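A.B. asks: show me how the following folds:
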Amino acid sequence: QLQASGGGLVQAGGSLRLSCAASGFTLEHYVIGWFRQAPGKEREGVSCISSKGGSTNYADSVKGRFFISRDNAKNTVYLQMNSLKPDDTAVYFCAADQDFGTVVRGWDLEFWGQGTQVTVSS
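C.D. replies: Modelled structure (predicted):
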């Protein structure tokens, strides 16, 4: 299972760090993606990171503000979110698959975690 945590309420311009922890399997063999879904909107991919951390991908809307990283020894992936905007308000999910392209596309991933709410006030 995957569990996202670290969400909360923050003012615009603030920062949060989300964590995605795995139980029951080892994350180091998986590409991990972060996704978000705002009320009334479709789910969108935010960022993803390859199994060894050598490759990353970011949505244009978060480039330069969000940074993904992983600590395979702790079986955890992080999403550092800086300069947050009200448009970043959403439920954030992490998901895992062994194929980088599958994670980028955001469909048919092997594991999905429960989300964590991020609310950015103006």
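A.B. asks: nearest residue to the middle of the chain?
C.D. replies: Nearest to the geometric centre of the chain sits residue 34, at 2.3 Å (CA atoms, centre = their mean).
A.B. asks: can you list the strands that the host helix or strand of it pairs with?
C.D. replies: Assigned by DSSP states H and E, residue 34 belongs to strand 31-37. Strand 31-37 has its sheet partners listed here by DSSP bridges as strand 44-49 (antiparallel), strand 90-97 (antiparallel).
A.B. asks: I'd guessed residue 120 sits against residue 15; true?
C.D. replies: No: with contacts counted by CB atoms under 8 Å, residue 120 stays clear of residue 15, the gap being 10.5 Å. Yep, even glycine has a C-beta here, placed from its N, CA and C like the rest.
A.B. asks: higher neighbour count, the two?
C.D. replies: residue 120 (20 against 12; other CB atoms under 10 Å).
A.B. asks: what score does the more buried one have for pLDDT?
C.D. replies: Each residue has a pLDDT score; the one for residue 120 is 98.
A.B. asks: could you measure from it over to residue 9?
C.D. replies: The gap separating residue 120 from residue 9 is 8 Å, by CB to CB, to the nearest Å.
A.B. asks: one more: residue 61?
C.D. replies: From residue 61 to residue 9 the distance is 20 Å (CB to CB).
A.B. asks: again, but for residue 72
C.D. replies: 31 Å.
A.B. asks: for these two, indicate the residue with more neighbours.
C.D. replies: Neighbour count, other CB under 10 Å: between residue 72 and residue 9, residue 72 has more, with 15 against 12.
A.B. asks: please name the nearest non-neighbouring residue to the more buried one.
C.D. replies: Distances taken as CB to CB, 6 or more residues apart in numbering put residue 28 closest to residue 72, at 3.9 Å, once the chain neighbours are dropped.
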